[in-house]
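**Q** sequence-free structure coming up:
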Ligand SMILES: Cc1cc2nc3c(=O)[nH]c(=O)nc-3n(C[C@H](O)[C@H](O)[C@H](O)COP(=O)(O)OP(=O)(O)OC[C@H]3O[C@@H](n4cnc5c(N)ncnc54)[C@H](O)[C@@H]3O)c2cc1C
């Protein structure tokens, strides 16, 4: 992205303390003139092309504390990285320090208590694999190389959300290193207000070194796939999606979409037994005939890898999203109109995910996350490789969402917000929650040490 963040003014040559950091730091330190620097500074979104003064890779909690102290002593802006998938590139920076937790990965499952303890640099694949080894699952996102930390601290949407809620709704506790270098445990019982803020605005309050999640049984094949239709049938298909989202079981996840290839589709994941899935998906499969229908039984873990390649690192990416009280015909018409206007050379599309059920069972003020009452989440997404297309692709997304604004409900999903700057976080959380988050920020990070995020300004 073109956005530049307020960075410390130091260049790497000025960072005198690096040799003293090396004495206490067990992990890796990568400087700009060293091999591996270009790989170390890269993040998922190819538009975030920044040059930190150094990248450090801690291997233990003490390293995280040392890196934080060093950064504060040297007055360096701090970027914290787990999976590196931040849409605006918030896990990298110019001239500052990247604290990259990729050497702190791993998951331990307690099958009796049905919980998992996950290190702060883990990817979704590590949590999924460890849980499924015991026939268990945690609801997380849909691309396995996304980081557990960034996804969870913003909320965590996924295909099990109607049955098991957002990822944060399954978060039991975290260990975090706070701005003053303390190691703190937060849960419903310990520092409950901090735990409230961590669930939706979490990147603002510290560096999470471990998460504990509640898991749920899932030890049989799920049913997953997509039915595709010509764009002319988008309204009818959306009507069917509405009907299924309203009347289908909690196990049924549905997304509706339209693409720049002039297709409309519904993707379904049914996590109930295959015979119930066949019954619940019969109307969807009978509608048509579809151009294609890939719905079939498969292992849950397979579904979690299906988009890994198409969503690989290094492409240029922009998205803009909103919550909807309903997927109306008017909304479908706006999506169809903009789908056909996409800039040549970019892959673009809209997707609409069914919400409700366990998500809306949690009270709106139960966590910092904002937007639980929505019936659906909608996103316009664009991916491309040619930098010449940057402006056109971003303008496409912005214009589409401007036309959809009259149909949106309250809140924004913080993890989708590509723009960064003063005032953005208030639009995510709304006034009341934002003010509550400011009070929390003043308590835990009064100097705004953690500011590369959708920032709560103390
Ligand atoms: C390909 C792709 C697929 C996605 N799919 C989904 C999806 O299915 N569901 C969904 O809900 N979202 C999804 N997202 C959005 C995703 O949740 C956010 O991009 C999220 O921030 C990524 O987390 P990360 O750890 O990979 O990111 P990073 O870039 O590493 O970090 C993101 C933010 O979290 C902070 N952070 C990172 N690690 C820590 C830590 N240990 N402690 C404190 N702060 C930390 C960073 O400072 C930064 O502000 C997707 C994004 C991409 C690019």
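**A** Structure received. Every value quoted in this text rests on a predicted model; they were computed, and no experiment measured them.

**Q** Could you use CA atoms for every contact and neighbour count after this?
**A** OK.

**Q** Contact residues of the stretch 301-450 of the chain facing the ligand?
**A** When proximity is defined as CA under 6 Å from any ligand atom, the stretch 301-450 of the chain approaches the ligand at 311, 415, 416.

**Q** Check those residues against residue 138 and report the nearest one.
**A** Nearest to residue 138 among those is residue 415, at 18.6 Å by CA to CA.

**Q** Identify the spatial nearest neighbour of that closest one, chain neighbours not counted.
**A** residue 154 (5.6 Å; CA to CA, 6 or more residues apart in numbering).

**Q** can I assume the one you found is in contact with residue 417?
**A** No - the pair residue 154 and residue 417 fails to qualify as a contact (CA atoms under 8 Å) at a distance of 10.7 Å.

**Q** between the two, which one's more packed in?
**A** Neighbours were counted for residue 154 and for residue 417 using other CA atoms under 10 Å; residue 154 has more, 26 against 20.

**Q** Which other helices and strands does the helix or strand of the chain with the lowest mean pLDDT contact?
**A** Every helix and strand in the chain was compared by mean pLDDT, DSSP states H and E; the lowest is helix 18-24, with a mean of 93. In terms of contacts (3 or more CA pairs under 8 Å, 6 or more residues apart in numbering; DSSP states H and E), helix 18-24 is packed against helix 61-73.

**Q** partner strands of the helix or strand just after the helix it packs on, parallel or antiparallel?
**A** The helix or strand immediately downstream of helix 61-73 is strand 78-81, counting by DSSP states H and E. Strand 78-81 has these partner strands in its sheet, going by DSSP bridges: strand 97-100 (parallel).

**Q** does the ligand sit close to the partner strand?
**A** No - using CA under 6 Å from any ligand atom, strand 97-100 stays clear of the ligand, coming no nearer than 7.8 Å.

**Q** Next, the contact list for the spatially most central residue of the chain, please.
**A** In the chain, the residue lying closest to the centroid (CA atoms, centre = their mean) is residue 151, at 3.7 Å. Shown in contact with residue 151 (CA atoms under 8 Å, 6 or more residues apart in numbering): 140, 141, 415.

**Q** Output those in CSV, with neighbour count, distance to residue 112 and secondary structure appended to each entry.
**A** Output for these, formatted as CSV (neighbours: other CA atoms under 10 Å; distance: CA to CA, whole Å; DSSP: H, G, I helix; E, B strand; the rest coil):
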residue, neighbour count, distance to residue 112, secondary structure
140, 29, 21, coil
141, 24, 25, coil
415, 24, 32, helix
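
**Q** now, which of these sits nearest the ligand?
**A** Taking CA to the nearest ligand atom as the measure, residue 141 is the one of these closest to the ligand, at 3.1 Å.

**Q** Could you measure from the closest one over to residue 168?
**A** To residue 168, residue 141 is 12 Å away according to CA to CA, to the nearest Å.

**Q** Surely residue 392 is in a helix?
**A** Yes - judged by DSSP: H, G, I helix; E, B strand; the rest coil, residue 392 forms part of a helix.

**Q** And the strands in the stretch 101-250 of the chain?
**A** Under the criterion DSSP state E, counting those that start in this stretch, strands of the stretch 101-250 of the chain are mapped to 107-110, 115-119, 136-137, 171-177, 183-187, 207-214, 216-217, 222-230.

**Q** An error on my part: the question was meant for the stretch 301-450 of the chain.
**A** Going by DSSP E, counting those that start in this stretch, the stretch 301-450 of the chain shows strands at 316-324, 347-354, 376-384.

**Q** Let's have these in JSON lines, adding distance to residue 409, mean pLDDT and mean neighbour count.
**A** Formatted as JSON lines, the strands of the stretch 301-450 of the chain follow (distance: least, CA to CA, whole Å; pLDDT from 0 to 100; neighbours: other CA atoms under 10 Å):
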{"stretch": "strand 316-324", "distance to residue 409": "5", "mean pLDDT": "98", "mean neighbour count": "25"}
{"stretch": "strand 347-354", "distance to residue 409": "14", "mean pLDDT": "98", "mean neighbour count": "24"}
{"stretch": "strand 376-384", "distance to residue 409": "10", "mean pLDDT": "98", "mean neighbour count": "23"}
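
**Q** Out of those strands, flag the one nearest residue 20.
**A** Proximity to residue 20, assessed across these by CA to CA, is greatest for strand 316-324 (37.5 Å).

**Q** who's in contact with that closest one?
**A** So strand 316-324 is contacted by 45-47, 87, 371, 374-387, 390, 393-394, 397-398, 401, 405, 407-413, 416-418 (CA under 8 Å, 6+ apart).

**Q** Can I get the buried part of these as one PyMOL selection?
**A** Buried residues among the contacts of strand 316-324 (16 or more other CA atoms under 10 Å), as a PyMOL selection:
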select buried, resi 45+46+47+87+371+374+375+376+377+378+379+380+381+382+383+384+385+390+393+394+397+398+401+407+408+409+410+411+412+413+416+417+418
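
**Q** to the chain's geometric centre, what's the distance from stretch 337-351?
**A** Chain-centre distance of stretch 337-351: 22 Å, with CA atoms, centre = their mean, to the nearest Å.
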